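S.K.: Here's a sequence, model it:
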Amino acid sequence: MNGNGILEIIAAIFIFGGGVLSVLSALGLMRFPDIYTRNHAGTKSTTLAVLVTLTGVFMYFWIAEGYISVRLILGILFVFITAPTAGHIIVRAAYRSGVKVSDSTVEDELGPMLRKKEGEREGES
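M.R.: This is a model prediction of the structure:
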């Protein structure tokens, strides 16, 4: 087996690994109890799954076809930047609109910080 064949197998492993991570993310979306943990599964593992899959595809096209795809690089960067940011904003909006956390949640670190900021705003008026 030549060097290109080994690198193609590595690219295929990346693509397969991205598929496995996507399945794990889907299981997390079904299994977790509230929006906060589901969003964690939906953004963190899905972002990693898409990045691993696109990296494998990028490697395949670079090795097999001799083609460096700028679109794939931009796709990797776009997903890496936007997906975690969108997940964070969705969770903040859910928290501020009063969506309850699950009963198994042990600590709420954001609540006291928000109440403190609201108290400071009322003191300014």
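
S.K.: what's near enough to touch Thr105?
M.R.: Neighbouring residues of Thr105 by Cβ atoms under 8 Å, 6 or more residues apart in numbering: 34, 36. Just so you know, the C-beta spots here come from the backbone N, C-alpha and C atoms, and that holds for glycine as well.

S.K.: In which helix or strand does it reside?
M.R.: Applying DSSP states H and E as the criterion places Thr105 outside every helix and strand.

S.K.: Please tell me how far it sits from Thr47.
M.R.: Applying Cβ to Cβ, to the nearest Å, the value for Thr105 to Thr47 is 23 Å.

S.K.: before we move on, what about Phe61?
M.R.: From Phe61 across to Thr47, the span is 21 Å (Cβ to Cβ).

S.K.: same question, Pro84
M.R.: Note on Pro84: its distance to Thr47, by Cβ to Cβ, is 6 Å.

S.K.: what about the two, which has more around it?
M.R.: Thr47 (20 against 13; other Cβ atoms under 10 Å).

S.K.: Please identify which helix or strand holds that one.
M.R.: Element membership for Thr47 (DSSP H and E) is helix 46-60.

S.K.: and that helix, how far out from the chain's middle?
M.R.: Remark: helix 46-60 is offset 12 Å from the chain centroid, using Cα atoms, centre = their mean, to the nearest Å.

S.K.: which helices and strands does the helix or strand that it is followed by pack with?
M.R.: The helix or strand immediately downstream of helix 46-60 is helix 70-96, counting by DSSP H and E. Judged by 3 or more Cβ pairs under 8 Å, 6 or more residues apart in numbering; DSSP states H and E, helix 70-96 is in contact with helix 35-40, helix 46-60.

S.K.: Done for today, thanks.
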